[in-house]
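>>> compute the structure for the input listed below.
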Amino acid sequence: MDATHFIADKFTRTRNMLEIMALGKLVVTHLWLESCGQANCFIDEKNYILRDVKKEKEIGFSMPVSLAHARQAPLLKGKRVYITPHVKPDKKVVATLVTAVQGHVVDESQVCADKDDKFLDDLLILSCEEDYAICHHFLDRGTAVYSSELLLNGIVIQKLEPERHQLFVNQATGKMPGTSNRFGKVYYRRHWRTVTAS
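Below is the predicted model of the structure:
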């Protein structure tokens with residue numbers, strides 16, 4: 001959080017890389033350090049921003065554009081986010097990244113205490129298949145649930161893609177009229193069935 005620069009010679013989706021990108025800090029190659037040393041002063045970073053052409057093409061992003069966008073419009077600014085216990089990577093890492101993009105992590109007591117569906121309409125839920133039993137409550141109320149990839153990939157490309165990362169879509173047994181939440185995803189109120197192992 002206190003860093004001003006992140007030194008890397010290739011793009012790897014580590015926690016540190018994602019956090020620095022989320023904060024919009026400068027990601028530069030080691031050549032910037034060498035040039036600063038030769039000049040005996042800090043020099044303009046513009047020509048030293050990390051460009052991993054292969055990864056950028058594969059994922060569909062531009063490092064300079066993503067960093068600039070992160071500084072100007074944090075991905076989850078002002079949004080409330082509930083993270084279920086078994087999310088991957090672990091909850092602490094995901095919470096750190098949510099905070100880095102200026103989201104506000106809410107705990108289970110805050111979510112369960114509020115029975116107003118409007119509260120859920122403005123809530124982003126990040127979960128995993130393992131936590132279906134926890135999500136059942138939200139799904140019954142018509143709230144979409146997403147994998148952590150919504151956030152992780154969103155930090156890299158600086159855009160949320162809810163339709164790509166929604167969980168439990170194929171487990172619906174019935175549908176009610178569609179509604180939408182503030183994350184731009186049109187979803188349906190569904191009836192869900194619980195599957196138990198004997």
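>>> now do the residue nearest to C135 when sequence neighbours are not counted against L124, distance only.
Leaving aside its chain neighbours, C135 sits nearest to V145 (4.7 Å; criterion: CB to CB, 6 or more residues apart in numbering). All C-beta atoms are positioned from the backbone trio N, CA, C, and that covers glycine. To L124, V145 is 9 Å away according to CB to CB, to the nearest Å.
>>> helix, strand, or coil at R164?
At R164 the chain is in helix, as set by DSSP: H, G, I helix; E, B strand; the rest coil.
>>> list the contacts of it.
E149, L150, N153 (CB atoms under 8 Å, 6 or more residues apart in numbering).
>>> ok, now with 10 Å
By CB atoms under 10 Å, 6 or more residues apart in numbering, the contact set of R164 is Y146, S147, E149, L150, N153, G154.
>>> need the contact list for the residue nearest to C135.
Each residue near V145 by CB under 10 Å, 6+ apart is listed here: 82, 84, 124-128, 131-132, 134-136, 138-139, 165-169, 187.
>>> helices - which of the residues you listed land there?
Judged by DSSP state H, the contacts of V145 include Y132, I134, C135, H136, F138, L139, H165 as members of helices.
>>> what's the closest of those residues to V98?
Checking the ones in helices among the contacts of V145 against V98 by CB to CB gives H165 as the nearest, at 14.7 Å.
>>> what's the neighbour count on the residue nearest to that closest one when sequence neighbours are not counted?
In this structure, H165 finds its nearest non-sequential neighbour in L150, 4.0 Å apart by CB to CB, 6+ apart. Neighbour count of L150, defined by other CB atoms under 10 Å: 24.
>>> give me the element L150 is part of.
Using DSSP states H and E, the element containing L150 is helix 149-157.
>>> so what's in contact with V145 and L124 at the same time?
Contacts common to V145 and L124, judged by CB under 10 Å, 6+ apart, are Y82.
>>> about what we covered before: can I get the ones in helices among the contacts of V145 in a markdown table with distance to G37, neighbour count and pLDDT?
Listed next are the ones in helices among the contacts of V145 as a markdown table, based on distance: CB to CB, whole Å; neighbours: other CB atoms under 10 Å; pLDDT from 0 to 100:
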| residue | distance to G37 | neighbour count | pLDDT |
| --- | --- | --- | --- |
| Y132 | 54 | 18 | 95 |
| I134 | 52 | 17 | 91 |
| C135 | 52 | 21 | 92 |
| H136 | 57 | 16 | 89 |
| F138 | 53 | 20 | 88 |
| L139 | 56 | 21 | 89 |
| H165 | 43 | 20 | 96 |
